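> Need a 3D model of the sequence below.
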Amino acid sequence: MQRILSGIQPTGDLHLGNYFGAIKNWVTQQGKFECTYGVVDYHSMTMPYKAETLRENTWRMVYQVLACGVEVDNLFIQSLIPEHAELCWILSCFCSYGELTRMTQFKDKTEQVKEQSKDAMISSGLFLYPVLQAADILIYHADYVPIGKDQEQHLELSRNIAERFNYQFGIEYFRHPEPLYTEVPKLLSLANPEKKMSKSLGEKHYINLFGDEKSITKQVKSAVTDSGENPAGQMSPGVKNLFELLKACDEMDAYHYNMAQWEAGNLQYGSLKGDVAKALVELTGKFRQNLESIRQNEAEVKEKVLQSSARIRLRAQKTMAEVREITGLTTLWH
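Here you go, the predicted structure:
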């Protein structure tokens, strides 16, 4: 069975964009591939943070990912597997400074840090972030990495590093991971449909995947649409976004009905919003129930995650033993 590796940073609660952009695909890929999914807390250290918040957010993300249907045996916490950091250092010796300076995410994140505080330090960890990402992928010899188009640059770097490592030592050791493109709906902010749904814009701009029924319904009801006049027959971004949400929730009957109403010029936005709110409440309701069950059995679930991380670490340790041998590093055995 071919292998998949994917990870998510623990940055608070999951929102709809996270679910449809990543976690839903994580769930459906289970059984079709050998899946390894990580809550990558090392990566969260590249931006300003507080220690207790990071620890709290890490476990919150673990519980929420499990509540969405990810199997515990496929899940690990990155910092429980320090071999990721060790391999990152080794791989950094096979990555040029020039390659890292061309990473667009470094430039974007640098701007975010500067916006938060003009005196904030830009960490070298943020600069080396793509190498740690390469280590995450290569340490498990992943065949595929589920990504969006905006992540192609980082995966290409991982492939370059693997190829350079293999060439240096004359051995085809690391696989060249391929992108696994999955259909991801482009969900926009309900408050500003000109922008992508994102937590960085503020609470009005994303829907918490574990939010209560009342707050979700209120957000949808207040979604920006238009005046209802579209003389050119062009659907406005706000209305299109509501249709995208229906489609993402697999509510195709409601989607086709409302689309027919729009094409006939009879669409009532209140009715469309009502169908979207109903679809989202139904979708998120089961996740809230699952999360409540996890919270009630928190100690047991936490132990299972620690055990799964330990089992997955054995695979990382095997890779690192082989890498140390290949690269000529001193080992504890002869």
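
> mind listing what Val39 touches?
With contact taken as CB atoms under 8 Å, 6 or more residues apart in numbering, Val39 is in contact with Gly7, Ile8, Gln9, Pro10, Thr58, Met61, Val62, Val65, Leu75, Phe76, Ile77, Gln78. C-beta: built from backbone N, CA, C; applies to glycine.

> So the spatially closest residue to Leu190 that is not a sequence neighbour, which state does it fall into?
Distances taken as CB to CB, 6 or more residues apart in numbering put Ala223 closest to Leu190, at 4.1 Å, once the chain neighbours are dropped. With DSSP: H, G, I helix; E, B strand; the rest coil as the basis, Ala223 sits in coil.

> what's the answer for Phe94, then?
What three-state DSSP gives for Phe94 is coil.

> quick one, domains of this structure?
The record, using automatic domain parsing to delimit domains, assigns the chain the ranges 3-184+298-327, 199-292.

> Mind putting those into TSV with distance to Pro193?
Shown next, in TSV, are the domains of the chain (distance: least, CB to CB, whole Å):
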stretch	distance to Pro193
domain 3-184+298-327	13
domain 199-292	4
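
> Name the next helix or strand downstream of the helix or strand bottoming out on mean pLDDT in the chain, please.
Sorted by mean pLDDT, DSSP states H and E, the helices and strands of the chain end with helix 104-116, the least confident at a mean of 77. Once the chain leaves helix 104-116, the next helix or strand it forms, by DSSP states H and E, is helix 124-138.

> and after that next one, which helix or strand comes next?
Helix 124-138 is succeeded, C-terminally, by strand 144-147 (DSSP H and E).

> Quick check: which ranges of the stretch 101-250 of the chain have low pLDDT?
Scanning the stretch 101-250 of the chain for pLDDT under 70 picks out the ranges 228-232.

> could you redo the last one with a cut-off of 80?
Within the stretch 101-250 of the chain, the segments meeting pLDDT under 80 span 105, 107-121, 148-151, 182-185, 200-201, 227-233.

> Gly17 and Lys196: what is the separation?
Distance from Gly17 to Lys196, counting by CB to CB, to the nearest Å: 7 Å.

> Now for these two: what residues contact both?
Going by CB under 8 Å, 6+ apart, residues that sit against Gly17 and also against Lys196 are Leu187.

> Just want to know which of those two has more residues nearby.
Comparing Gly17 with Lys196 by other CB atoms under 10 Å, the one with more neighbours is Gly17, at 23 against 16.

> quick one, what contacts the residue lying closest to the more buried one once chain neighbours are set aside?
Nearest in space to Gly17, with sequence neighbours left out and distances taken as CB to CB, 6+ apart, is Met197 at 4.2 Å. Contact analysis of Met197 by CB under 8 Å, 6+ apart lists His15, Leu16, Gly17, Leu187, Leu188, Ser189, Leu190, His205, Tyr206, Ile207.

> Pick the one among those closest to Arg102.
Comparing the contacts of Met197 against Arg102 with CB to CB places Gly17 closest, at 26.5 Å.

> I appreciate the help and will end here.
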